[in-house]
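**Student:** pasted the sequence and its predicted model underneath.
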Amino acid sequence: MVISRRALLGTGAATVAVAAGLGGAALGHRLDDLARSVGIEPHQEPDPADDRLIARVATDQNTLLAQVEAAAVKHPKLGLGPFVAISTAHAKAVGVSAVVPDIAPPPANRAKAVDELVAAYAAASKQRAADSVRAASPALVRVLASMSAGLAQCAHEIGGLR
Amino acid sequence: MTSTETLQDWLALEHEAVWLYPVIGARYGALAERARRSYDDHGTVRDGLLTRLHQLKVEPVPPALSYDVGRVRTKGRAVAAARQLERDIAAVCLTLVGDSTDELRTYATRGLRRAALAELAWDGRPDAFPGLP
């Protein structure tokens, strides 16, 4: 089974309940949409644990997106545009938050801002890898593992901006 | 495809890497150090896969009799070939991630991460979803 990124990024509706800020009960069956969009026939009964996992991942990834966007505005010379684009793609895959997450402003010091971002991307990479081991749906497993690898790449490259 | 078949596909790519990097290092002095590090890394992964397949009582796929040398005819093409090989490894690891559970899934996830970072070492750019086509 090959998952295409085109299919993946076309799954904005997969977690529309998250995007709309609805409760956990509204997340039911969203994983099925995700699975179908990448060509996998879902289980008849969606796994509620996977639904909860997607909701948590969406919160995490939208927070990370807000962090990198804020840093990009505060430190335009860092050239964080590619990382904003990657985090936007991640957020789209799991559900873009309708509400901008509440985050601390980035440090004024450039090196500290870079350090914070590296730590945030590295932590997110580690968490998505752990999430991928716990997930039930093969589609979700692959999305989370791939996301984890992309986040690791970001942490590495942002570290080079010091 | 079973997880064992995917492990064999991964091993075939690691055999290729163990062939490719010494050729690159020998031809282009400026790439020699990078190639040596990559060779060491892939040798370790190949050995791990061989052990894993033997433990499964499966005969591991052997290296190919020959590989395409044309890919390394210029320095630029050599870097591109290395980058593509790391991408191919990331893709096969991602397949294995979805076809496995528990320890094997963790192993494949680590392989995917390693390949994604190795791609950067060969002038790759960060990607939202390494391993996806």
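**Tutor:** It's in. Quantities reported herein were computed from a predicted structural model and do not represent experimental measurements.
**Student:** who in chain B is up against chain A?
**Tutor:** Taking C-beta under 8 Å from any C-beta of the partner chain as the criterion, chain B approaches chain A at residues B:90, B:94-95, B:97-99, B:102, B:105-106, B:108-109, B:112-113, B:115-117, B:119-120, B:125-133. The C-beta positions use only the backbone N, C-alpha and C, and glycine is treated the same way.
**Student:** now do 10 Å
**Tutor:** Residues of chain B found near chain A (C-beta under 10 Å from any C-beta of the partner chain) are B:1, B:90-91, B:93-103, B:105-106, B:108-117, B:119-121, B:124-133.
**Student:** buried ones among these?
**Tutor:** The neighbour count (16 or more other C-beta atoms under 10 Å in any protein chain shown) marks B:90-91, B:93-100, B:105-106, B:108-117, B:119-121, B:124, B:126-132 as buried among the residues of chain B next to chain A.
**Student:** now the helices for the chain?
**Tutor:** If you meant another chain, say so; for now it's chain A. Chain-ordered helices for chain A, with DSSP state H as the definition, fall at A:5-9, A:16-19, A:30-37, A:48-74, A:81-94, A:110-134, A:138-159.
**Student:** wrong one, I was asking about chain B
**Tutor:** Per DSSP H, chain B carries helices over the ranges B:3-27, B:32-55, B:75-98, B:102-121.
**Student:** could I get those as TSV with mean pLDDT?
**Tutor:** Below are these laid out as TSV (pLDDT from 0 to 100):
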stretch	mean pLDDT
helix B:3-27	98
helix B:32-55	98
helix B:75-98	98
helix B:102-121	97
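**Student:** dump these into TSV; add distance to residue A:93 as well.
**Tutor:** Formatted as TSV, the helices of chain B follow (distance: least, C-beta to C-beta, whole Å):
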stretch	distance to residue A:93
helix B:3-27	23
helix B:32-55	28
helix B:75-98	14
helix B:102-121	16
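**Student:** any idea of the pLDDT on the residue lying farthest from the centre of chain B?
**Tutor:** Distance from the centre of chain B peaks at residue B:57, with 22.5 Å (C-alpha atoms, centre = their mean). Residue B:57 carries a pLDDT value of 97.
**Student:** swap in residue A:14?
**Tutor:** At residue A:14, pLDDT is 37.
**Student:** with the one 5 residues further on instead?
**Tutor:** Looking at residue A:19, its pLDDT is 36.
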